[in-house]
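K.L.:
build me a model from this:
(one chain, ligands or ions: 3)
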Amino acid sequence: MLKIKDIGEFGFIDSIKPEETVEDLKVGIGDDAAIISPYGEFDIVVTTDMLVEGTHFLADTDPFAIGYRSMCANLSDIAAMGAIPKFYFVSLGINPERDFNYARDIYKGFNSLAEQFNTHLAGGDTVKSDKTIISITLIGYVEKSITIERKGKIEAKDLVISVGPLGYSGAGLEVIKNKFDGFDELVKVFLYPYPQIIAGRILGQSKLVRVMMDNSDGLASCIENLVVKNGFGAILFEEGLFDERLKAIAEFTNRNYLDFVFNGGEDFGLVAVIKKDGFLDLSYFLEKSLFNNSVKVIGEITQNKEIILKRLDNSLLEINKSGYVQF
Ligand SMILES: Nc1ncnc2c1ncn2[C@@H]1O[C@H](COP(=O)(O)OP(=O)(O)OP(=O)(O)O)[C@@H](O)[C@H]1O
Ligand SMILES: Cc1ncc(C[n+]2csc(CCOP(=O)(O)O)c2C)c(N)n1
Ligand SMILES: [Mg+2]
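P.N.:
Ligands and ions are numbered 1, 2, ... in the order given. Here you go, the predicted structure:
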């Protein structure tokens, strides 16, 4: 018997992907969100993400944070398309024995983040479930002239950039699980991540972005999708990835800090391959426009398909490309 885990998450998605193109579906399965292209000036961007107790959050996580990070997971996919979020639908699986305040606080969490981006609840579904399950569908708009995909033409010497933290969420989860003291910045990214909607809009309008995605599955998956699948390789600079706090948590938990960066995921930042010419001005504008969010050049595109990490001591290390593995 062939089990689902034998083909893996992405093998499964490939197996259900329709072959034929459909009218008005500009971008279908395979990207952060789908783009539906009706008449008029704007495309409609649709994304859906499900979060499950035990898989995405611990049973004792504050319900407000559960709602907040569920909303972020969805907003982040809209950000990756350079789009403006607008309406959301929530399907909730909930145990009827739960305190009413628990469910209410999940919705307060949704709304607290959604309202910062003018995004409104427009419907959903409720079912009985032992474990809490949250599925959000988020709909946004984007100008027809802005279509940012994972698949696209990139060139040697293009830059690989990252917006937002890298590896903090995975390390933050370790802080919570191991009850380490301090490291509030890491825990904050796990519980209350920030969706890069503003950066997505600026990058989208800049016309410098060749391909982009969010880093919900970690940097390795971004590099695989944006670089390798587009026929190139990259040299990544450890200088842009290194972080003392990650290193400390890695030491406490007997791991390499790069494991959080490459395979951690759920930081909900953006990773893009971008044209070199004009990037300096853009990065200045981005830094000025984004509150407390770092924009970093983390690598450069190369002709051969290898992914090489240039370590702090200038030695070179080949990176494998797994990303966060669900099953
Ligand atoms: N069960 C499914 N049925 C149909 N399409 C799916 C299914 N699961 C995923 N997809 C599609 O496959 C593509 C990749 O999905 P995936 O969940 O890996 O990306 P994502 O939502 O950007 O990442 P993340 O879930 O980590 O935020 C998307 O186009 C998504 O709509
Ligand atoms: C309790 C607990 N254990 C592990 C993790 C880490 N985690 C779960 S799914 C995922 C990738 C994105 O998933 P998806 O593709 O479904 O969006 C990551 C990094 C967590 N958040 N909570
Ligand atoms: Mg998904």
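
K.L.:
strands of the stretch 101-250 of the chain, residue ranges please.
P.N.:
Applying DSSP state E, counting those that start in this stretch to the stretch 101-250 of the chain gives strands spanning 120-128, 133-143, 159-163, 209-214, 233-237.

K.L.:
want to throw those into JSON lines with distance to Asn225?
P.N.:
The C-beta positions use only the backbone N, C-alpha and C, and glycine is treated the same way. What follows is the strands of the stretch 101-250 of the chain, written out as JSON lines (distance: least, C-beta to C-beta, whole Å):
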{"stretch": "strand 120-128", "distance to Asn225": "30"}
{"stretch": "strand 133-143", "distance to Asn225": "20"}
{"stretch": "strand 159-163", "distance to Asn225": "12"}
{"stretch": "strand 209-214", "distance to Asn225": "6"}
{"stretch": "strand 233-237", "distance to Asn225": "12"}
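
K.L.:
hmm, Val187 is touching Ala171, no?
P.N.:
No: judged on C-beta atoms under 8 Å, Val187 makes no contact with Ala171 at a distance of 9.0 Å.

K.L.:
I'd like the strands of the stretch 101-250 of the chain laid out as CSV, including mean neighbour count, mean pLDDT and distance to Leu25.
P.N.:
Listed next are those as CSV, based on neighbours: other C-beta atoms under 10 Å; pLDDT from 0 to 100; distance: least, C-beta to C-beta, whole Å:
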stretch, mean neighbour count, mean pLDDT, distance to Leu25
strand 120-128, 11, 95, 21
strand 133-143, 21, 98, 15
strand 159-163, 24, 97, 28
strand 209-214, 24, 98, 19
strand 233-237, 20, 97, 30
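
K.L.:
out of those strands, flag the one nearest Ile223.
P.N.:
Ranking those by proximity to Ile223 (C-beta to C-beta) places strand 233-237 first, at 6.3 Å.

K.L.:
paired strands for the closest one, with orientation please.
P.N.:
strand 295-302 (antiparallel), strand 307-310 (parallel) (DSSP bridges).

K.L.:
got JSON lines for those strands, with mean neighbour count and mean pLDDT too?
P.N.:
As requested, the strands paired with strand 233-237 are arranged in JSON lines below (neighbours: other C-beta atoms under 10 Å; pLDDT from 0 to 100):
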{"stretch": "strand 295-302", "mean neighbour count": "20", "mean pLDDT": "96"}
{"stretch": "strand 307-310", "mean neighbour count": "19", "mean pLDDT": "94"}
